[in-house]
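S.K.: the following block contains a protein sequence and its predicted model.
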Amino acid sequence: MNTEIDSVTRRHFLRAITAAGAFTLSESTRAEEPSVHEKAVALLKPGSETIAILLYPGFTALDAIGPHYALSGMAGASVRFIAATTDAVASESGFSVSPHLSFDQCPENIDLLLIPGGMAGTITAMEDEATMAFVKKAAARSKMIGSICTGALILGAAGLIRGYKATSHWQTMDLLPIVGATPVKERVVIDRNLVTCGGVTAGLDMGFTLVRRYRGDLYAKGIQLLAEYDPQPPFPKSGNPDTAEPEVVALLNHMHADYISGWGKKLQNTPGAKKDQ
């Protein structure tokens, strides 16, 4: 799967608005009220954000692709998947994504570094010296860092969220204090230069939130509308452990008990868990 920015030009809602606006202009348009076309032209001024999204074997696909969809809709932004090499990286669900860049090709200055989550892949990433070294190095030259789902554990293992408010997948919220973070039960949490979000689908919310941060409300609303992001799940209360049926919560906790235990043990032995870091 290749996601070069040029290939998503068709998704740039502003260009569509501009084209549509050209057909709606008329002599009767009041000068003091900007037309749709004029607003679109003003918004279409390209930015220059440099955004890197980490890929590692076993990452959760939507964790990476959800934010990428929203952020790559920003005209002029460079949104790149980055991995140890440029070889395709297999997600936990089996399909692969081809990185744009390898670790040694990472830009010197980054506006945003995002870390997706995973299951077993997250533990493997925390155990991989090259991956953790890259995360620390890239974070040091990023204006902002962030994570989706259990990606917060990778940031925590690297010692990057101590003293911050953060969120993660609901099953790993209790692990955040191990690495010095204060858990916050919100879908998206921004604390200074750190942005974190809940599990999987929350990455879309994060993406739109970041577009608003970089380009403003109107731009973000347009991308959200283009995506027709209007969640109406078949089980409205089942997406949150506080409202889901206790039986379902218990079942998932039982199924993932080994993962949760493994993440906790791993975090206890990382630099992020040491109070002197």
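M.R.: Structure received.

S.K.: from here on, just use CA atoms for contacts and neighbour counts.
M.R.: OK.

S.K.: can you pull out the low-pLDDT segments for this protein?
M.R.: 1-33, 42, 274-277 (pLDDT under 70).

S.K.: which residues of it fall in helices?
M.R.: 13-24, 36-43, 61-71, 120-127, 129-140, 151-157, 202-215, 217-226, 246-255, 257-268 (DSSP state H).

S.K.: tell me the most buried of the ones you listed?
M.R.: When the helices of the chain are scored by mean count of other Cα atoms under 10 Å, the highest mean neighbour count falls to helix 151-157 (a mean of 29).

S.K.: hmm, who's touching it?
M.R.: Residues outside helix 151-157 that contact it (Cα atoms under 8 Å, 6 or more residues apart in numbering) are 115-118, 122, 125-126, 132, 135, 146-147, 161-162, 166-168, 176, 179-181, 196, 263, 267, 270-273.

S.K.: try 6 Å this time
M.R.: Residues outside helix 151-157 that contact it (Cα atoms under 6 Å, 6 or more residues apart in numbering): 115-117, 126, 179, 267, 270, 272.

S.K.: can I get the helices of the chain in a markdown table with distance to Gln232?
M.R.: Formatted as a markdown table, the helices of the chain follow (distance: least, Cα to Cα, whole Å):
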| stretch | distance to Gln232 |
| --- | --- |
| helix 13-24 | 23 |
| helix 36-43 | 29 |
| helix 61-71 | 17 |
| helix 120-127 | 30 |
| helix 129-140 | 36 |
| helix 151-157 | 26 |
| helix 202-215 | 14 |
| helix 217-226 | 15 |
| helix 246-255 | 20 |
| helix 257-268 | 29 |
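
S.K.: quote the end-to-end distance of stretch 163-183.
M.R.: In stretch 163-183, first residue to last residue: 11 Å (Cα to Cα, to the nearest Å).

S.K.: quick one on the thing from earlier: and the contacts of helix 151-157, which is closest to Val89?
M.R.: Pro116 (13.0 Å; Cα to Cα).

S.K.: how close does the closest one get to Thr201?
M.R.: 11 Å.

S.K.: higher neighbour count, those two?
M.R.: Pro116 (29 against 17; other Cα atoms under 10 Å).

S.K.: quick check, that one in contact with Asp63.
M.R.: Yes: between Pro116 and Asp63 there is a contact at 5.1 Å, judged by Cα atoms under 6 Å.

S.K.: got any residues that touch both of those two?
M.R.: Between them, Pro116 and Asp63 share the contacting residues Ile148, judged by Cα under 6 Å, 6+ apart.

S.K.: from the chain's centroid, how far away is stretch 107-121?
M.R.: Offset of stretch 107-121 from its chain centre (Cα atoms, centre = their mean, to the nearest Å): 8 Å.

S.K.: buried residues in it?
M.R.: 110-119, 121 (16 or more other Cα atoms under 10 Å).

S.K.: good, wrapping up.
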